[in-house]
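Engineer: coords below, sequence missing:
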């Protein structure tokens, strides 16, 4: 599924961009906790961008029925999780938008769901024997 390669690569580029912007543009007088929150968002953004690329790399090895659907669901959950969790932390720490703190936990749950869906794909039939 090339879509996960595309989304993962775009998220990797966005994580680099936001990480650089945060390093250079965040107000130096911000509290350490605020900086740490921003850095957490960037770190999780990178990790999950790479997970999406891994899903793209794994997808040809799984049957398009159950395994492929689980990988697609994992990719969707991780993408939503990035948007909500990382986006919420970016909004909170970078822009002072308090609502970011309220949406980040839902994003965290989506990230967990994505990893669990990815794990469940391990127990589905592959397209070829190894």
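Structural biologist: Okay, I see it. Quick caveat: nothing in here was measured; it's all calculated off a predicted structure. Numbers count the residues shown, from 1 in each chain.
Engineer: doesn't residue 38 make contact with residue 26?
Structural biologist: Yes. Look at residue 26 against residue 38 with CB atoms under 8 Å: they come within range, at 6.5 Å. Backbone N, C-alpha and C define where each C-beta goes, glycine included.
Engineer: Looking at these two, which has the bigger crowd around it?
Structural biologist: Between residue 26 and residue 38, residue 38 has the larger neighbour count (other CB atoms under 10 Å), namely 22 against 15.
Engineer: Find residues that contact each of residue 26 and residue 38.
Structural biologist: Common contact partners of residue 26 and residue 38 (CB atoms under 8 Å, 6 or more residues apart in numbering): 93-94.
Engineer: what packs against the longest helix anywhere in the chain?
Structural biologist: Counting by DSSP state H, the longest helix found in the chain is helix 32-58. Helices and strands touching helix 32-58, by 3 or more CB pairs under 8 Å, 6 or more residues apart in numbering; DSSP states H and E, are helix 2-25, helix 66-81, helix 87-95, helix 99-121.
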